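Chemist: when you get a sec, could you give me coordinates for this:
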Amino acid sequence: MGFFLPLSQNYQTMYKSYTVDEAQRKMEHYCAYQERCHDEVIQKLKTLNMIPQAIDAIVVHLIDNNFLNEERFACSFTRGKFRIKHWGKRRITNELKARNISKYNIDRALKEIPAEEYLETFHLIADKQWDIVKESNILKKKKKVMDYLLRKGYESNLVQEKIFSFC
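Modeler: The predicted structure follows:
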């Protein structure tokens, strides 16, 4: 008597194979839903078990049909991280570099942040953090606020100037 175990849903999807057309449609939807960089799309195609030649063909199709555009991705990423998470230019730059975005596209994206809005946001979050940190030792308080602003990705000269302006 044979022993039979039905394949689990995860096992089936893990080894499901896609035709190039199916994967292409899936990637069109993936890119239309949200801006993506090339690395994200390539990683997603690898999880779909696509061969390198198919990956290249699909990426070329996505670029040709304007589903994939790294400059547009970098600009969108920059605007979002600055306006929503209040990240500084250094952190945004590092995150874009980690996604293999070119220096040209990074520079282009950083121009999306108006200088006066950048400084205004910096001073706002610095003042807010100064009020939030409850520390009786003024040096420790300055250190905590400084570390926070540096983690957010603001330039060290800006952070130092602001910290020296407190008390």
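Chemist: please export the C-alpha coordinates of the biggest helix by length in the chain as CSV.
Modeler: Longest helix in the chain, counting residues (DSSP state H): helix 115-132. Output in CSV follows, covering the C-alpha atoms of helix 115-132 (Å, rounded to 0.1, in the frame of the first residue of the first chain):
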residue,chain,number,x,y,z
ALA,A,115,16.8,73.8,0.5
GLU,A,116,14.6,76.0,2.7
GLU,A,117,12.1,73.1,3.4
TYR,A,118,15.1,70.8,4.2
LEU,A,119,16.5,73.3,6.8
GLU,A,120,13.0,74.0,8.2
THR,A,121,12.3,70.3,8.7
PHE,A,122,15.7,69.8,10.2
HIS,A,123,15.2,72.6,12.8
LEU,A,124,11.7,71.4,13.5
ILE,A,125,12.7,67.8,14.3
ALA,A,126,15.8,68.9,16.2
ASP,A,127,13.7,71.2,18.4
LYS,A,128,11.1,68.5,18.9
GLN,A,129,13.7,65.9,19.8
TRP,A,130,15.3,68.3,22.3
ASP,A,131,11.9,68.7,24.0
ILE,A,132,11.3,65.0,24.0
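Chemist: check the offset of it from the chain's centre.
Modeler: 22 Å (C-alpha atoms, centre = their mean, to the nearest Å).
Chemist: what is the mean pLDDT for it?
Modeler: Mean per-residue pLDDT for helix 115-132: 96.
Chemist: quick check: phi and psi on Val133?
Modeler: Main-chain torsions, Val133, degrees, to the nearest 10: phi -70, psi 120.
Chemist: relative to Ala74, how far out is it?
Modeler: Counting by C-beta to C-beta, to the nearest Å, the gap from Val133 to Ala74 is 33 Å. From N, CA and C alone the C-beta is placed, and that goes for glycine too.
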